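**Student:** the following block contains a protein sequence and its predicted model.
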2 protein chains.
Amino acid sequence: VNKYIIGLDIGGTAIKGALFSESGEIAFRNEIATPHDSGQAFFIDTLCDFAAALSDGHTVDAVGLGIAGILDPACTTLLESPNMPALRGMPLKAQLEQRLHCPVIIENDANAAALGELRAGAGRGLSNFLFFTLGTGIGSGLILNSRLWRGEQGRAGEFGHVTVYPEGELCGCGKRGCLEAHSSGTAIVRMAAAAAHQHSATALRAYAEIPSELTPKIVYQHARAGDAVSRDIFKAMALGLAIAIANVHTLLDIYTFIAGGGVSRAYDYFYPMVMEEIDQRIFSSVRGRIRLLRAELGNDAGVYGAAYAAREALNLAGL
Amino acid sequence: VNKYIIGLDIGGTAIKGALFSESGEIAFRNEIATPHDSGQAFFIDTLCDFAAALSDGHTVDAVGLGIAGILDPACTTLLESPNMPALRGMPLKAQLEQRLHCPVIIENDANAAALGELRAGAGRGLSNFLFFTLGTGIGSGLILNSRLWRGEQGRAGEFGHVTVYPEGELCGCGKRGCLEAHSSGTAIVRMAAAAAHQHSATALRAYAEIPSELTPKIVYQHARAGDAVSRDIFKAMALGLAIAIANVHTLLDIYTFIAGGGVSRAYDYFYPMVMEEIDQRIFSSVRGRIRLLRAELGNDAGVYGAAYAAREALNLAGL
């Protein structure tokens, strides 16, 4: 009898799901809109209907689920839920297992994506790496000894909120100088909006009156086209990232970093900028040995990782 | 038959040693001056004579040795040796085992001290903590899942060289803004020497012409006695430390930090300063949960840790 596992990735916009066969391949996949303003009961109903449709008539042995927010250390309850505040405090695991009649494994979304890259992406065969997403925010998952490092309370991997500039920009989290405040897509747009006002000799000037239309992609395109101000914005973003990466390396003696998320589409452009700065901020004896890879699974990292988390939990339980 | 283990701590000034009985207690101890300018052969001779004297007639089952510098990943060869450059590249383990006729386990000195605090000091019973020494420099050892985290190449725990101020002071390592350049004993003395020149209304003024006589202890005593400039120096030292501690917590989700080294004698004084700043630099949901403990083993952490490293290696080897 084949073992089927469903991987679910609960994003801010969409819920992605895939049915994985025992060989680890995606047999069937689908996507629905995330029910934002609904309550807990509607969310559970939506998720269970989605899982039932995904199962495609097969008996599902386990469901893995990646979701933004902070889980309790046992990964059963959602303690903080930035995208869907209504889910806060919800005993997600128990409720889903009751309805789905199979083990449900829940994981933070960045952690799940890191597991996905470990098993099926850029981290295959590696023992230690930090995976991070460059998007609106910056999330991350840390792999140590080929396993996810969750920390004592399950909150590990808040790479986006390490301080890179003690007197830096105010971050959405309320702290100052976080990596996310200097190197996320949001930070790129903030710098571009400021530059559109301050500099006359930049293509970004066209957005001075319509800053809300700025995106990281627009800044990237102008930088690629030779706009010096746009290039400097990416340089500032790369410097923050380099400081944070160098610090993780210096503390943990790990050498591989994997960039995912929407802004990682500009990987080829910012890669040399980041690498040059990293080498200024590590011991000379290890220069040239840090690797910054591009994530391979793209939008699929979440469902792959959720499915792998579920498979590992099943194996550990001897099923 | 009792099992005896020798722990050796090779410091910049002295070599400390202790004979541990099977119960883990120190049966005998001694200390000799570190042979600085001698070559490798003399160093080995000195160390073997010292170990023989320490064994006090007992058969020794293993020798553990903590030493400053960077070891190869297998902990057999000293790749970098800041205190004794002549030892660089030395196959220390093989040479000592040949002479001492028992297994010799070598560990970085800060790592050994962290193991000592884990087994017999402030870290007893804890699964995760960062131990660091505040001295001339800042070293550290990271305990994850009750084991030393050595990193991929055995270089982990360079807490003193994480960047806290990207545009900060030049560090002895050649980088800029390292924690060590802002919060070590050396940094305290540097700030005090500058203040002695710049501020007329400080007790440090007396050292304007004799800055080489300044020590962290003098600055501490003046701060305690109410000198505002000396207090501000400790505040600056505490701020750097708080930034670095908050970053380790944010990345790894660990909650306990243990301060050792000479400057930790001022623990009672800088503790509230550090804790106040940490709370500004972590998520509000975890405020008040970080613990900064004072190391308990003092100068004995190194010999304890070296002996524990040896004992663990013996157990792993089934001896």
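**Tutor:** Received the coordinates, thanks.

**Student:** list the buried ones in the host helix or strand of residue A:19?
**Tutor:** Taking DSSP states H and E as the definition, one finds residue A:19 inside strand A:14-20. Using 16 or more other CB atoms under 10 Å in any protein chain shown as the test for burial, strand A:14-20 gives A:15, A:16, A:17, A:18, A:19, A:20. Where C-beta positions appear, they are placed from N, C-alpha and C, glycine not excepted.

**Student:** so what's the residue of the stretch 101-250 of chain A found nearest chain B up against?
**Tutor:** Going by CB to the nearest CB, chain B is nearest to residue A:151 of the stretch 101-250 of chain A, at 2.2 Å. Counting by CB atoms under 8 Å, 6 or more residues apart in numbering or on different chains, residue A:151 touches A:157, B:128, B:252, B:253, B:254.

**Student:** if you set the cut-off to 7 Å instead, what comes out?
**Tutor:** Residue A:151 makes contact with B:252, B:253, B:254, according to CB atoms under 7 Å, 6 or more residues apart in numbering or on different chains.

**Student:** re the thing from before, Serialize the buried residues of strand A:14-20 to TSV and add fields for distance to chain B and pLDDT.
**Tutor:** What follows is the buried residues of strand A:14-20, written out as TSV (distance: CB to the nearest CB, whole Å; pLDDT from 0 to 100):
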residue	distance to chain B	pLDDT
A:15	26	94
A:16	27	94
A:17	28	96
A:18	29	96
A:19	32	96
A:20	29	93
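
**Student:** of those, closest to residue A:112?
**Tutor:** residue A:16 (11.2 Å; CB to CB).

**Student:** from memory the closest one sits against residue A:305, does it?
**Tutor:** No. Contact status for residue A:16 versus residue A:305: not in contact, 11.4 Å apart, counting by CB atoms under 7 Å.

**Student:** re the thing from before, elements contacting the strand holding residue A:19?
**Tutor:** Packing contacts for strand A:14-20, counted by 3 or more CB pairs under 7 Å, 6 or more residues apart in numbering or on different chains; DSSP states H and E, involve strand A:4-10, strand A:26-33, helix A:40-55, helix A:301-316.

**Student:** returning to what we had before: tell me the SS of the residue of the stretch 101-250 of chain A closest to chain B?
**Tutor:** coil (DSSP: H, G, I helix; E, B strand; the rest coil).

**Student:** give the phi and psi angles for it, as a check.
**Tutor:** phi 80, psi 180 (degrees, to the nearest 10).

**Student:** give me the number of residues near residue A:50?
**Tutor:** Residues near residue A:50, counting by other CB atoms under 10 Å in any protein chain shown, number 18.

**Student:** so which of the contacts of residue A:151 are also by chain A?
**Tutor:** Contacts with chain A within the contacts of residue A:151, counted by CB under 7 Å from any CB of the partner chain: B:252, B:253, B:254.

**Student:** export the helices and strands packed on strand A:14-20 to TSV and append columns for distance to chain B and mean pLDDT.
**Tutor:** As requested, the helices and strands packed on strand A:14-20 are arranged in TSV below (distance: least, CB to the nearest CB, whole Å; pLDDT from 0 to 100):
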stretch	distance to chain B	mean pLDDT
strand A:4-10	21	94
strand A:26-33	29	94
helix A:40-55	21	94
helix A:301-316	16	86
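
**Student:** let me know which of those is tucked in deepest.
**Tutor:** Most buried of the helices and strands packed on strand A:14-20 by mean neighbour count (mean count of other CB atoms under 10 Å in any protein chain shown) is strand A:4-10; its value is a mean of 27.

**Student:** list of residues touching that one?
**Tutor:** By CB under 7 Å, 6+ apart, strand A:4-10 touches A:15-21, A:34, A:51, A:54-55, A:58-67, A:109, A:112, A:302-304, A:306-307, A:310-311.
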